[in-house]
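Asks: I'd like to go over a predicted model; first the sequence, then the structure.
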Amino acid sequence: MPDLAAKGPELTDRTRLALLLAPALLLLGGLFLAGLGLTLLRSFRYMPALGLTEPDLAAYVAILTTPDFLKSLALSLWIAGASTILAASLAIGAALLLRQTFPGRAVVSFLVQLNLTVPHIVGAIGILYLVSQSGSFARLAHAAGLIATPAEFPVLTHDPYAIGIILLYVWKELPFITLILLANLQTLGEDHEAVARSLGASRWQAFRHVLLPMILPGLAASSALVFAFAFGAYEVPLVLGQHAPKALPVLAWQAWTDTDLATRPEAMAMAIVIAVVGLALLALVARGLIAGDRDAP
Amino acid sequence: MTALVLDQLRKSYAVAGQAALHGLSLAVESGSLTALLGPSGSGKTTTMKLIAGLIAPDSGDIRLGDRSIRDLPPERRGVAMVFQNPLLFPHLTVAGNVGFGLRMRGLASDRIAASVAEMLERVRLTDLAQRKPAQLSGGQAQRAALARALILRPEVLLLDEPLSSLDPGLRDEMRQLIRALQRETGITTIVVTHDQTEAVALADRIALLLDGRLAQYDSPQAFYGRPATMAVARFFGGVNFIPGTARAGIFDGALGTLTLPPGLPEGPGVLTIRPEALRFGEGPNPRAAQIVALSFLGSLTRVDLDLMGVPLQALVTPDTARTLGPGTEVQVSLPPEALWLLPPDA
Amino acid sequence: MRPDRLRLLAALALASFLILPLLPLAIWSFAHGWRFPDLLPQVWSLKAWSYALGPRSGVLQSLGVTTGIALATTILAALVGIPAGRALGQYRFRGKGLVTLLLLAPAFLPGIAVVFGLHGIFLRLGLVGTVPGVILAHLIPVLPYMVLVMAAVFSRLDPDFEAQARCLGATAWQTFRNVTLPAILPGLMTAALFAFLVSWSQYLLTLAIGGGRVQTLPLLLFGFSSAGRNDITGAIALLYILPGLLVILLTARQITGRGAALAIGLRP
């Protein structure tokens, strides 16, 4: 195999590399990093336009001492944790299922892909119409003679346990993780399991000790993405969430749009808390990337 | 007339593992077929890419005729290169691939079509003109790649290991095609190869590259009979080296005194003789030898000898091998015309 | 139970789970009043559809705005993302990990983490409440996706093809036009289709930067939903998922094959 570095003069040409990357990095830096940076500055109540030139931690102190914020944080962590665990476990099963051949596999596979393209807000409204107290399931329960009025149907949306929200995330993220695992499994092939079986492993042992460790990196990365999204998405708890405590992103939005401008730094501080959780997840996933970078010239 | 001149080319890489050039100079005759030979890491591919303009030298010059092409982009050099892999553009047909360069020059499509048809005829691909590259065999793809470069009538044609991606059975056919097309067109051609037998069979002249330097530029015969250094001799299968001193047509070394052919330099040096040139039986420069081992190599047999404590190797035909037995004492001759003197190893 | 029966049952459960939340939306869009406890509407009607597609609902304008924004975002992202993808896919360089990290960050950091600050910047630039502002904001999730997919596409492209074209007399631009572009086109088309969907699905960024003046479909959808117009909501929802359906029909085979990179982009 020819060495990659032999493929042209460009490899040592830093100018060309810089030119290729500059537009994307400038745009992303100017939008993403600048937006994040300004959020951070304002969370420290640094707003020269309003005469605030001494950064302080007042906004953070304020939110950390309000029970509302702590309850919202706990709720969002619960939503993200429960959704991720459920979606990931079901996705393993779905991926193993879709790896095999069975009649109707094409249909299921199509549905998995289709679901990936359905915007979250559509799914959220669909879940609302499906499991609310006057939704389709409640009607089925009535038809089956289980309930007489909508109020007798269990509260699954706008509820304290955020069941509707979690249901939506499982519905929406299960296909996402499944597709990543499927791609993973396709690359691996079935030889490793076959070898394990020939060495005396049972079907379960071959999965547990051979296949699972091999798909774990993909599973971990996709689960981290799901956690980050379920933790920080706004429109899903907006449709399916209860009035109080609100999911953290909804609380942050409310603080930001409050007519009392004094709560804005608190909104910024909440956004930063959400960003920190996302960054922590990114750091976990990215350790491999940085390690790989050290080998580059 | 020289067509291509490489003048003190230097190229180093920041990345390790890339063969560097340390001042390569070479003048290639117009209309010749030159093999650029060397082991991997000797700088062959680097040289090729410098000539093609895919990389730029740190210093030195590249001239075509009397104009420097060093600073020209690849497409304006008059140099066409065929890569080791055929690299046919997958979205174009065979005809589309062969006509690619002419299309880039902006030629009218009917003229392109005529040239392509003629070129395809020459490489015997007329029937496959409308095929896509994926439908070709390895040999067909390589012929199409060759046609795609030749159709441009370049001043210099570069072929990077043109036979290495082919099955052994197809190599001979391809080699003959390259030879024939080169003779027909008279295009100055440089073939990169790491295989000395391929270089010998194909080229008028061989440029041997060792460690980023030109070790010798000569006819194929010269590399066997008159290698410039021990490294060159070793690369061409030389195994017998006897240090000593040459004076007045006599070599004095570990084998005693041996008569040399006329015209060799005087002073300290290393005497060499090709294993196939060693004679068994009576003759000039006779020596008694002990047979250490016989190894069957197929069409030839290798004989390991001990001459007065000096290990030497001979290659003999099966007929000769049958008369020899391990451990026996034999008479060998080192014919003066087969002796060659190398400079002492630095 | 035989294993293949079990498999079939699991597949049926999975399929039902995936399709169920979409069913009430579809039924609602054809319902004329659908009261509890009716399992199905008493009266079927196309009223919701004719209202939604009529001039008064604003759906058609909204459809135009949403499509325009998604198209512009995709084209911008492609123009900027193709060169960056080439850099990441074909070159080794110091800091490549850091660049990749920056590209992954918008997938891990939810929009709400940056949108307040972005609003502050756009306010000063006069971009709040404008379509260009929304397009730029959409680049935050779309551009990294485009770059990462194009990087994967370029990493599968042998750079020798381009060198070969140059050696056959093609200029740099001719090489790109005649060799590189045809080679990356399938990947680029897939990336563009999904980039379109990523922009198409945005809610929060549009809401915050659009400032109520840029009415894309999801904003309209939520409006009708919170107003209790379930029938119109259903119709808009079906319209809204139509492009996704088309994209899947166009690319179905490629997705399972290429998997991860494409799917990661679909984080709205």
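Replies: Yes, it's here.
Asks: what about stretch C:20-38, distance to the chain center?
Replies: 27 Å (C-alpha atoms, centre = their mean, to the nearest Å).
Asks: next one: stretch A:100-114
Replies: For stretch A:100-114, the distance to the chain centre is 24 Å (C-alpha atoms, centre = their mean).
Asks: skipping adjacent residues, who's closest to residue 203 in space?
Replies: All of this is about chain A. Distances taken as C-beta to C-beta, 6 or more residues apart in numbering or on different chains put residue A:197 closest to residue A:203, at 7.4 Å, once the chain neighbours are dropped. No exception for glycine: its C-beta is placed from N, CA and C like everyone else's.
Asks: look at chain B instead
Replies: Residue B:203 sits nearest to residue B:35 (C-beta to C-beta, 6+ apart), 3.6 Å away.
Asks: so where's the chain shaky on pLDDT?
Replies: Unless you meant another one, I'm taking chain A. Where chain A drops to pLDDT under 70, the residues are A:1-12, A:288-297.
Asks: not quite, go with chain C.
Replies: Looking along chain C with the criterion set at pLDDT under 70, you get C:1, C:252-268.
Asks: okay, helices next: where are they in it?
Replies: C:3-19, C:22-29, C:47-52, C:59-90, C:96-108, C:111-125, C:131-155, C:159-167, C:172-175, C:181-200, C:204-210, C:217-226, C:230-258, C:260-265 (DSSP state H).
Asks: so who does the residue nearest the centre of chain C touch?
Replies: By C-alpha atoms, centre = their mean, chain C has its centre lying nearest to residue C:197, at 1.7 Å. The contact partners of residue C:197, by C-beta atoms under 8 Å, 6 or more residues apart in numbering or on different chains, come to A:117, C:70, C:243, C:244, C:247, C:266.
Asks: distance of it relative to chain B?
Replies: 27 Å (C-beta to the nearest C-beta, to the nearest Å).
Asks: tell me the secondary structure of residue 245, please.
Replies: Here I'm looking at chain A. Assigned by DSSP: H, G, I helix; E, B strand; the rest coil, the conformation of residue A:245 is coil.
Asks: sorry, should have said chain B
Replies: Quick answer, by three-state DSSP: residue B:245 is strand.
Asks: partners of it in the sheet?
Replies: Here residue B:245 sits in beta bridges with residue B:252, residue B:268, as judged by DSSP bridges.
Asks: the helix or strand that contains residue A:140 near chain C anywhere?
Replies: Element membership for residue A:140, per DSSP states H and E: helix A:136-143. Yes. For helix A:136-143, a contact with chain C is found by C-beta under 8 Å from any C-beta of the partner chain, at A:136, A:138, A:139, A:140, A:142, A:143.
Asks: buried subset of those as a PyMOL selection?
Replies: The PyMOL selection below is limited to those of the residues of helix A:136-143 next to chain C classed as buried (16 or more other C-beta atoms under 10 Å in any protein chain shown):
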select buried, chain A and resi 136+138+139+142
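Asks: nearest to residue B:178, of the residues of helix A:136-143 next to chain C?
Replies: residue A:136 (74.7 Å; C-beta to C-beta).
Asks: was I right to think that closest one contacts residue A:129?
Replies: Yes. Residue A:136 lies in contact with residue A:129 (C-beta atoms under 8 Å); the separation is 6.7 Å.
Asks: what do these two both touch?
Replies: residue C:24.
Asks: out of the contacts of residue C:197, what pair is the most spread apart?
Replies: C:70 and C:266 (13.6 Å).
Asks: isn't residue B:177 right up against residue B:146?
Replies: Yes. Using C-beta under 8 Å, residue B:177 is in contact with residue B:146, at 7.4 Å.
Asks: shared neighbours, the two?
Replies: Common neighbours of residue B:177 and residue B:146 (C-beta under 8 Å, 6+ apart) are residue B:123.
Asks: and those two? which has more neighbours close in?
Replies: residue B:146 (25 against 18; other C-beta atoms under 10 Å in any protein chain shown).
Asks: so which helix or strand takes in the more buried one?
Replies: Counting by DSSP H and E, residue B:146 is part of helix B:138-150.
Asks: buried sites along that helix?
Replies: B:139, B:140, B:141, B:142, B:143, B:144, B:145, B:146, B:147, B:148, B:149, B:150.
Asks: show me where the stretch 101-250 of chain B has helices.
Replies: Assigned by DSSP state H, counting those that start in this stretch, the stretch 101-250 of chain B shows helices spanning B:109-122, B:138-150, B:168-185, B:196-202, B:220-225, B:230-235.
Asks: avg pLDDT for the fourth one?
Replies: Yep, that's helix B:196-202 we're talking about. If you average the pLDDT over helix B:196-202, you get 91.
Asks: what residue in the stretch 51-200 of chain C comes nearest to chain A?
Replies: Taking C-beta to the nearest C-beta, chain A has its nearest neighbour within the stretch 51-200 of chain C at residue C:110, 2.5 Å off.
Asks: ok, now which ones touch that residue?
Replies: Residue C:110 neighbours (C-beta under 8 Å, 6+ apart): A:228, A:229, A:231, A:232, A:233, A:234, A:249, A:274, A:275, A:278.
Asks: my read is that residue A:284 contacts residue A:223, right?
Replies: No. Using C-beta under 8 Å, residue A:284 is not in contact with residue A:223, being 10.3 Å away.
Asks: so which bits of chain B are right by chain C?
Replies: Going by C-beta under 8 Å from any C-beta, the residues of chain B near chain C are B:49, B:52-54, B:73-75, B:79-81, B:83, B:85, B:87, B:89-91, B:100-101, B:103-105, B:148-149, B:152, B:158.
Asks: quick check, residue A:196 in a helix?
Replies: Yes. Applying three-state DSSP, one finds residue A:196 inside a helix.
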